[in-house]
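>>> Here is the input, now give the coordinates:
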Amino acid sequence: AVLPVHRQSCLFIGRLPKDWTTQEMVAKLRLAGVTAFTGLTIVEAGERVREKHHNYSNHKNARHVDAAVAGTGKIKSRGYAFVQFPSHAAAARALRLMLAPHFRLQGLAGPPLCSWGAKSG
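Numbers count the residues shown, from 1 in each chain. Sure thing, here's the model as predicted:
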């Protein structure tokens, strides 16, 4: 079952360059003011994700990275990531920040696509 929005603590971020390292993603989020996250799941290129509400952290083409020890290796991602927060309130604050018209991640020409991540309970 998919968690109701008021209980979710995971955000989807899309329109990301496919060659950013996990370390670059973490650094750019923090530089833009998104600092309270606890983890980052990057969906790598490979098999097509078939389920609409999939727990991406269990997908064989997903790589979960603890935000405190992000790796430096290059990956070929699908251009999006799921960012985990310690609480719904922290995720909601980050979503409001990222949906603001002026929000940008360094290196992107336009705003990233941001929404609630469909994380299974």
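
>>> Quick one: mean pLDDT over the lengthiest strand in the chain.
Identified as the longest strand of the chain according to DSSP state E is strand 77-84. For strand 77-84, mean pLDDT rounds to 85.

>>> What are the buried residues along it?
Using 16 or more other CB atoms under 10 Å as the test for burial, strand 77-84 gives 77-84. C-beta coordinates here come from the backbone N, C-alpha and C atoms, glycine included.

>>> Now for those: which two are most distant?
Pairwise distances across the buried residues of strand 77-84 peak at 18.6 Å for 79 and 84 (criterion: CB to CB).

>>> contacting residues around the longest strand of the chain?
9-20, 25, 29, 34, 37-45, 56-57, 61-62, 94, 113, 117, 119 (CB atoms under 8 Å, 6 or more residues apart in numbering).

>>> Which of the residues you listed fall in helices?
25, 29, 94 (DSSP state H).

>>> List the buried residues for stretch 12-19?
Judged by neighbour count (16+ other CB under 10 Å), stretch 12-19 contains these buried residues: 12-13, 16.

>>> Nearest to residue 98 among those?
residue 13 (7.3 Å).

>>> Tell me the bridge partners for that closest one.
residue 81, residue 114 (DSSP bridges).

>>> and which of the buried residues of strand 77-84 is nearest to residue 103?
Here the nearest of those to residue 103, counting by CB to CB, is residue 83; it sits at 14.0 Å.

>>> Could you pull out the strands in the protein for me?
10-14, 39-44, 62-66, 77-84, 113-116.

>>> Generate a markdown table for the ones you listed, with distance to residue 90 as supplementary columns.
Output for the strands of the chain, formatted as a markdown table (distance: least, CB to CB, whole Å):
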| stretch | distance to residue 90 |
| --- | --- |
| strand 10-14 | 10 |
| strand 39-44 | 12 |
| strand 62-66 | 16 |
| strand 77-84 | 10 |
| strand 113-116 | 13 |
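
>>> and these, which one's lowest on average pLDDT?
strand 62-66 (a mean of 44).

>>> Could you tell me which of the contacts of strand 77-84 count as buried?
Buried, going by 16+ other CB under 10 Å: 9-13, 16, 20, 25, 29, 34, 37, 39-43, 56-57, 62, 94, 117, 119, out of the contacts of strand 77-84.
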